[in-house]
Each structure stands twice: as structure tokens, then as C-alpha cells.
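**Q** let me see the structure of the following:
(one chain, ligands or ions: 2)
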Amino acid sequence: MQGLITLKSRHEQNLMREAGKVVAGCHEALRSFIRPGIRTIDIDQFVEDFIRRYRMEPAQKGYRGYPFASCTSVNDVICHGFPGEYVLQEGDIVTVDMVAVHKGLHADSAWSYAVGEVSETARRLLDVTRRALYIGIEQAIPGNHISDIGHAIQTYVEAQGFSVVRDYIGHGIGRQMHESPEVLHFGPPHRGPKIRKGMAFTVEPMVNVGTYETKLDPDGWTARTADGSLSAQYEHTLIITDEGPEIITKQDGE
Ligand code: MF3
Ligand code: CO
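**A** Numbering: from 1, shown residues only. Ligands and ions are numbered 1, 2, ... in the order given. This next block holds a predicted model:
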């Protein structure tokens, strides 16, 4: 998404913070809701009800024709998985991605969950991907370049023996769900736009056990790892302040 990077006013920031709190609260509630035996469509209903209870809207529903309030991406699905009749099994991992819009302002967060007990590899993938998110966020300070975020993420993830997805990236956010700048999770540092106070953008690394290459299902949305390996994702929305990145989708205990 190219174009001007909009700086958010104090009023816009406050509306985004309110939306961020609801998204974070929904993820906190999903920790105990997600368990073996529930369907991914049950997660979607939970997300939609939760956001609407706060008089906000699930912004993904209808976005470019996307049919659901959430994306539920199981195992080898990287992102944009359709909720449906699939019943979660012990050992699965599932990423739930959601966006709340409040009086025109958006907040976006995706989180991966273990369903019951998961394999050692799955556990390590979740830990590395979540750690990668925060390693990226640490770089989101005024004066750094946006590309410093992705460089730090890629360096860490590859040292752990996993790969970073290149086909899906983070993005500016505010009055639109997707704005400038593009936030890559890989690549060289010190390139492109500088990070400034008042910017708002997501950091949302998707990490695969095997190849970083992706393939798209015939539904035109569901993105999978090309080799069928597991994939995880953690995403926060940030507002840049003088003090550094403020995580507006921060969850309790995180
Ligand atoms: N929340 C996703 C993101 O991080 C957007 C999903 S695309 C949609 O960019 F169509 F599902 F909204
Ligand atoms: Co998202």
C-alpha cells in the first residue's frame, strides 16, 4: 500500500486505543474459549459478538469481499483462513486475526493459540514467532527506519531455524485498515521511510517451520505454506510516541 503516511491526531489515537482495548480483550477471552472440540466458525461468532458488544464493528467482514469477522488459520494455513465447520483437534495451532473499527478508526491484532497439548515443534514455533513480534517492536522507535523492524525479525527467526513469510506484510493503519507504510518482516535495515511520532502501523510476522513460500487455495483467500509445514503469526497495532512504540492491542499478562 503506497501513498502518504498519515500522522494520527490525539483524537484519532484515542479512538484507536479504544478499539485496541476491545481487540486485546477479545484475545484474552479466546485463551479459554479455544479448546479441542470447538469449530472455527464458533471462534468467528465469538469474535463478532465480542466486538459488537462494545458498539464497534468487525472491520474484516465485507472488506474486499472477505466474508467473516475473523480469520482462523489452522496448522499449515498462514493467514486469511475461512472460519467454518472444522472442529479443532488436540495438537492443532490456530491463528485468530481480527480488526475492530470504532468511529472510523481501526485496531488490528492476530494471535496464535495452541489447542490442548501441542508438539515440541509447534510449541517452539509459537514461542519464536511471538518473540519475533516483540523483537521487531523494539525497533519501532522514532528515528529508526521501518525496515529495521523486519531486519531484526528475519535475523532472529532464521537463527532459530525457521523462515519468515514474504508474501504478506504489516501495514499502516488508521482511518483505513491498510495504509502506508508497508512493514516488511524481512530484508536489509536502514531503508525506506523513517519512523516518526504519530505514525500507526502493525507488526505481524508470519513464521513457517519449513519454506517461506506460500500457495493460495481456490477460495482466493486461504494462504498456506507451500510445503505443508506449520505456520504461526502474532500481530500488534502500534502508535509511535516520543517514548517509542505504544502497543495499543496489548493483552493482560503480555
Ligand atoms: N487483519 C489482516 C491484516 O493484518 C487483514 C485481513 S484481510 C481481511 O492485515 F480481508 F480479512 F480483512
Ligand atoms: Co490483522
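**Q** which residues does V183 bridge with?
**A** Following DSSP bridges, V183 is listed with bridge partners G170.
**Q** distance check, it against ligand 2.
**A** 12 Å (C-beta to the ion, to the nearest Å). C-betas here are computed from N, CA, C, even on glycine.
**Q** tally of neighbours for the residue of the stretch 151-254 of the chain found nearest ligand 2?
**A** Closest residue of the stretch 151-254 of the chain to ligand 2, C-beta to the ion: E235 (4.9 Å). Look at E235: counted by other C-beta atoms under 10 Å, it has 23 neighbours.
**Q** that one touches F201, doesn't it?
**A** No. Using C-beta atoms under 8 Å, E235 makes no contact with F201, being 10.8 Å away.
**Q** which neighbours do the two have in common?
**A** Residues within reach of E235 and of F201 at once, by C-beta atoms under 8 Å, 6 or more residues apart in numbering, are G170.
**Q** tell me the residues on the stretch 101-250 of the chain that lie near ligand 1, please.
**A** With C-beta under 6 Å from any ligand atom as the criterion, the stretch 101-250 of the chain meets ligand 1 at residues 108, 171, 202, 204, 235.
**Q** next one: the closest residue in space to the first one that isn't next to it in sequence from ligand 1, what distance?
**A** The shortest distance from D108 to any residue other than its chain neighbours is 4.5 Å, reached at V99 (C-beta to C-beta, 6 or more residues apart in numbering). In this view, V99 and ligand 1 are 5 Å apart by C-beta to the nearest ligand atom, to the nearest Å.
**Q** now swap in T225 and tell me
**A** 18 Å.
**Q** circling back to that earlier point, the residue nearest to D108: what secondary structure?
**A** strand (DSSP: H, G, I helix; E, B strand; the rest coil).
**Q** buried residues in whichever strand or helix holds Q154, which are they?
**A** Q154 is part of helix 146-159 when elements are defined by DSSP states H and E. Buried residues in helix 146-159, counted by 16 or more other C-beta atoms under 10 Å: 146-154, 156-157.
**Q** for ligand 2, what are the nearby residues on this structure?
**A** By C-beta under 5 Å from the ion, the residues of the chain that approach ligand 2 are 97, 108, 110, 235.
**Q** returning to that earlier point: pipe the buried residues of helix 146-159 into CSV and attach pLDDT per row.
**A** Shown next, in CSV, are those (pLDDT from 0 to 100):
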residue, pLDDT
I146, 98
S147, 98
D148, 98
I149, 98
G150, 98
H151, 98
A152, 99
I153, 99
Q154, 99
Y156, 99
V157, 99
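**Q** show me what S231 is bridged to.
**A** N208.
**Q** can you name the residue of the stretch 101-250 of the chain nearest ligand 1?
**A** Residue of the stretch 101-250 of the chain nearest ligand 1, by C-beta to the nearest ligand atom: D108 (4.7 Å).
**Q** below-threshold pLDDT in the stretch 101-250 of the chain: ranges please.
**A** Within the stretch 101-250 of the chain, no range satisfies pLDDT under 70.
**Q** which residues of the stretch 101-250 of the chain fall in helices?
**A** Remark: helices assigned in the stretch 101-250 of the chain by DSSP state H, counting those that start in this stretch are 120-138, 146-159.
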